[in-house]
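# Starting from these lines, generate the structure:
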Amino acid sequence: MALPLLELREITKAFGPKVANDRISLEVLPGRIHALVGENGAGKTTLMTMIAGTAQPDSGTILFDGAPVEITNPKKASALGIGMVHQHFKLVPSLTVAANVYLGRELRTPLGALDPKRMEREVAALSARFGLAIDPTAKVSSLSVGVRQRVELLKALSHDTRLLILDEPTAVLTPGEIDDLFVVVRALAAKGCAVLFISHKLGEVLEIADEITVIRDGKSITTLPAAGLSQSDIAQMMVGREVLLRITHTKSQPAHEVLAVNSLRIVDDRGVRVVDDLSLTVRSGEIVGIAGVEGNGQAELAAAIAGMEQVTGGRIVLSGRDVTTASVAERRHGGLAYIPEDRHEEGAGPGLSVAENVIPTHLERPIARFGWINTAAMHSFARRLIRTFDVRGALPTTPIGTLSGGNMQKVIIAREFATEPDLLMVSQPTRGVDVGAMEFVHRALVGQRDKGAAVLLFSADLNEIMSLSDRLLVMFRGKIVAEFTQDSMSEAAIGLAMGGAAPSTEAIAEAEAEHTQVLLSLAAQSDSNAASRAGEDPASAAALSEAVREATPGADQSNHDGERSRDREESLVARQKRVANRSGDGASSRLEAAARIRAKARRVAQGSIQPIVAIVLSLIIGAVVILAIGENPMRAYEELFFSSFHTPFGISGLIAQAIPLLILSAGVIISFRAGFFNIGGEGQLFLGAFTAAWAGFTFVDLPGPILAVVVLMFGLLGGMIWGMIPGVLLAFWRVDIIVTTLMMSSIATLLTAYLVTGPFRDPSAGLVASEKIATSALFPIFNAKYGIGLDLVLAIAIAVILALILTRTVWGLKVRQLGEMNRFAEYTGVNTKAMSIQVMSLSGAVAGLAGAIFVLGSSGGRFLQDFSPGYGFLGITVALLARLNPWASFAAVLFYANMMSGSNGMQINTDVPFPIVTVLQGLIILMITAVIVIDRRTRDKLVQLFKGRRGANGTPVLRATRPADVPVGTAAAGVAAAPTLTSTDSGVHQS
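Predicted coordinates for the structure are as follows:
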């Protein structure tokens, strides 16, 4: 028997408390195709990343060619002969095929210049060697999806690949392209290459695989020969129960027309007409499927119907209303629900919690009232959807980006189904979803149809779309080229139409014959392997069936209770509603509340690491500088951080510094959380302070309290206008916010300098200042000794109100959606242009209000050109130090204000010059930025380094962990974490 090319022994990998792989052992033989199947979140991708070098195991051993290896990075994997083809292509569209194949390791001439001709020759040779016909000089942007898949294969095979990992390789291919791919894969196996094949399409797994390993809940359940297994067998082992793989199509009862698309035309950014004079209708009570090779206009059509793509011509009518120019929100209010193709860039905000992802399209009572979000109702709603749709490993507070792709898809499906839509538009609903979830989704789609919804389904999975569609339309180059009903559709006919060929009787017969020939060829190529398997394992069909039962807990009971199994999905929702209403649910809620508290505590602890590390590093560098000038850094830091608390004057100075920082940092946090890098706070502060002072010395006849309010309003308006201008430029002309805010800040400081040295100068002031405002308008002082007055009360109130707005209101949720920096906000109906203007206006208004409060405070009384030591920029530093957490900003403000107040004591008592404080401030900004970048790669490694745990045999275990905010499978980055020597309590991780 051949020795395994790859062997995994007791591989364990955990991310915090989550055990992704639990003592998995696996053997992959040369010349064999070994399939890996399992539910979403079962641990398949994590296992592959350790083989491909983008992650390392916590414990266990990887052997290659019989020798233990440490695959510490993708380059090491390539050197061993391991290549991986990812589900999502990692190609540069503007480069040629040859340039993509050799990207990062380009071939060069003896003089060091790029040698494109040689790369093209090498790619042509590879193409001929592996039977992957492709033009090396073609640009990737001009290739079909199927041909791009060939490019990815060539990239993997260009390294003298001995082990090829294929992750969902057929997800975007036509039936003919899948046949071509399988011929190539079998040919590779025949030449001795081992193949690891991952797919949720069980029919393809059985068609191509020699052996199949089932993973469930991070554990390897069994490995069996593919021969003799059925799709039902595999699904049953994966899920642990019977699974209905294909829904028996039931007759639809179509009624009135819900969607009508008439002569629709869409031109993309390149000027290419991607949707060309297309018309279709969808009626209530029917499912209309759209099939086609990806890139033929389906995505643009779906986006146009959803309101996220501008149309060039034609009409879209929803429930009798022309919505061609309507917003996304208007279409959603009109009865549209949309499950998009790209769950990461559109369907979800990965940095937001599950609850924050499901409520944006459900912002009505009891979840939201008068613009405020009811947190308890939000979590209750999310908890119900999590239960109903069986979202594994999720709480309402779980960041959705930490879920597996399939479980993230379940959250999106749950959110859209819960709207009870008139038109449900679904794009690739089960891509990356396991068989158990597929069954649920398929039933749910049919259930929506039977409730009277019109369903428009886009899917690249022919089995899925043929099974579900009452009518099926095929798109090719932006047009509908064929229409089928349940009576007329066949895989061969649809495949021909998807390729642009007319599905005539003769063409269908020819395509079916070719497909049969491919199947016979694959069968012939695997005959010898099948024979050897029979010789190695003489188990009969009955023995194989017994093996399946052993790998499926409760299989016998399930067979005895067939009726209950068939009714399982129909009763799921009702059953979970009953459970939710039981008194025992209170205990579950209490457990969940405790879990939320623990998770929040962990987040607070983790969030504190970066600021503390940044401050410590800055102080160390500052200490070196202080030593260099001949002073004692410990003495200097003692004065800097503690002298303010020694005297009432010091506390008063601390409060005076804290007031503007509290307000300004709150405004910065709002703009930064929306993804708008407003660095113009200084200018907004200046303009607000001047306009406030102008009102104060202009409307002197007003009563003092009224004048104070007028002064505050003018300061607010001045800052708001100065912040609104960059917001408008960004919203309508996409002018860079950093450039405009920096420019506006410079203009504001120059403008106010001109005004107080010219038209509004007060010669008696002795400083560059405006006239005094009426003294009756100045804020009262409650305690002059400690500098406590109304300005401090207002500053705290403003910071608290802004924190509540950001974290507890519908508007704040929209801000956070914008800050995801993808299309999630637009997808849920947020008017991104209006929000851009609102966010920048509020941020500017807050800065202007800070200026007005200074003018009305005890240190003000007028506008002083030199009143700010850079508060606008210090507010950014405070916000970053707080990691954009509005509640943490209070601690960050206290730290900074104390440092600024203590600088006088440091200068007087230690002879350390004041500029050292500016140096420290700059260092902290740099260190925060550096620590955030470094933290992504090293935080977890450093934590593990100091844990001092030991393995089961008492010896240290070599491990390297992935930081939680770096997604698994980032091989394209070309960066892998360096291994760190640590210990573990045991060789076995328990979930």
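
# Show the residue spans covered by the strands in the stretch 1-150 of the chain.
Along the stretch 1-150 of the chain, counting by DSSP state E, counting those that start in this stretch, strands occupy 6-15, 18-28, 33-38, 59-64, 67-69, 82-85.

# out of those strands, deepest packed?
strand 33-38 (a mean of 26; mean count of other CB atoms under 10 Å). Bear in mind the C-beta positions are built from the backbone N, C-alpha and C, glycine included.

# so how many other residues sit close to Glu300?
22 (other CB atoms under 10 Å).

# Let me fix that, I meant to ask about Leu157.
21.

# next one: the one 10 residues further on
Neighbours of Asp167 under the rule other CB under 10 Å: 21.

# Dihedrals phi and psi, it?
Dihedral pair for Asp167: phi -100, psi 110, per degrees, to the nearest 10.

# tell me the contacts of it?
Thr45, Met48, Met84, Val85, His86, Gln87, Ile198 (CB atoms under 8 Å, 6 or more residues apart in numbering).

# Contacts only, for the most centrally placed residue in the chain.
In the chain, the centroid-proximal residue (CA atoms, centre = their mean) is Pro350; its distance is 3.2 Å. Residues in contact with Pro350 (CB under 8 Å, 6+ apart) are His344, Pro399, Ile400, Gly401, Glu820, Asn822.

# give me every residue that touches the closest residue to the second one other than its chain neighbours.
In other words, Pro399. Nearest residue to Pro399, sequence neighbours excluded (CB to CB, 6 or more residues apart in numbering): Ser353, at 5.8 Å. Shown in contact with Ser353 (CB under 8 Å, 6+ apart): Ala382, Pro396, Thr397, Thr398, Pro399, Ile400.

# So what does Ser353 look like in phi/psi?
The phi and psi values for Ser353, taken as degrees, to the nearest 10, are phi -70, psi 170.

# From Pro396, how far off is it?
6 Å (CB to CB, to the nearest Å).

# circling back to that earlier point, got JSON lines for the strands of the stretch 1-150 of the chain, with mean pLDDT and distance to Ile925 too?
What follows is those, written out as JSON lines (pLDDT from 0 to 100; distance: least, CB to CB, whole Å):
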{"stretch": "strand 6-15", "mean pLDDT": "90", "distance to Ile925": "31"}
{"stretch": "strand 18-28", "mean pLDDT": "89", "distance to Ile925": "34"}
{"stretch": "strand 33-38", "mean pLDDT": "91", "distance to Ile925": "46"}
{"stretch": "strand 59-64", "mean pLDDT": "92", "distance to Ile925": "40"}
{"stretch": "strand 67-69", "mean pLDDT": "93", "distance to Ile925": "43"}
{"stretch": "strand 82-85", "mean pLDDT": "87", "distance to Ile925": "39"}
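
# Select, out of those, the one closest to Ile725.
With CB to CB as the measure, strand 6-15 is the member of the strands of the stretch 1-150 of the chain nearest Ile725 (45.0 Å).

# Can you report how many residues neighbour the closest residue to Arg150 other than its chain neighbours?
Distances taken as CB to CB, 6+ apart put Leu132 closest to Arg150, at 4.6 Å, once the chain neighbours are dropped. Using other CB under 10 Å, Leu132 has 20 neighbouring residues.

# now Ile305
Ile305, neighbours per other CB under 10 Å, totals 24.

# Equivalent analysis for Ala852, please.
Ala852 has 33 neighbours, counted by other CB under 10 Å.

# for it, what are its contacts?
Gly688, Ala689, Ala692, Val711, Leu712, Phe714, Gly715, Leu716 are the contacts of Ala852 under CB under 8 Å, 6+ apart.

# could those be laid out in TSV, adding secondary structure?
Output for those, formatted as TSV (DSSP: H, G, I helix; E, B strand; the rest coil):
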residue	secondary structure
Gly688	helix
Ala689	helix
Ala692	helix
Val711	helix
Leu712	helix
Phe714	helix
Gly715	helix
Leu716	helix
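
# If you count neighbours, what's buried in stretch 98-112?
Within stretch 98-112, the residues that count as buried by 16 or more other CB atoms under 10 Å are Ala98, Ala99, Asn100, Val101, Tyr102.

# Report the distance from that stretch to the chain centre.
Centroid displacement of stretch 98-112 relative to its chain, using CA atoms, centre = their mean, to the nearest Å, is 33 Å.

# Could you measure from Ser252 over to Glu286?
Using CB to CB, Ser252 is found at 5 Å from Glu286.

# what residues are shared contacts of those two?
Arg449, Asp470.

# Got a quick PyMOL command for the buried subset of the contacts of Ala852?
In PyMOL, this line selects whichever of the contacts of Ala852 come out buried by 16+ other CB under 10 Å:
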select buried, resi 688+689+692+711+712+714+715+716
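
# still on that earlier bit, out of the strands of the stretch 1-150 of the chain, nearest to Phe440?
When the strands of the stretch 1-150 of the chain are ranked by proximity to Phe440 (CB to CB), strand 33-38 comes first, at 16.6 Å.

# Describe which strands the closest one pairs with in its sheet and in which direction.
Under the criterion DSSP bridges, strand 33-38 sits next to strand 194-198 (parallel), strand 211-216 (parallel) in its sheet.

# can you redo those as CSV with mean pLDDT?
As requested, those are exported to CSV (pLDDT from 0 to 100):
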stretch, mean pLDDT
strand 194-198, 92
strand 211-216, 91
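
# Could you export those as TSV, including distance to Glu464?
TSV is the format used below for the strands paired with strand 33-38 (distance: least, CB to CB, whole Å):
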stretch	distance to Glu464
strand 194-198	18
strand 211-216	21
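
# And these: which comes nearest Glu682?
Closest to Glu682 of the strands paired with strand 33-38 is strand 194-198 (CB to CB; 53.3 Å).

# After the closest one, which helix or strand is next?
Per DSSP states H and E, the first helix or strand lying C-terminal to strand 194-198 is helix 202-208.

# so how far is that next one off the chain centroid?
31 Å.

# now do stretch 253-262
Worked out by CA atoms, centre = their mean, stretch 253-262 lies 35 Å from the chain centre.

# Which pLDDT value belongs to the residue of the chain positioned farthest from its centre?
Distance to the chain centre peaks in the chain at Ser764, reaching 59.1 Å (criterion: CA atoms, centre = their mean). Per-residue confidence (pLDDT) for Ser764: 87.

# Enumerate every residue touching Gln657.
Contacts of Gln657 (CB under 8 Å, 6+ apart): Tyr896, Ala897, Met900, Ser901.
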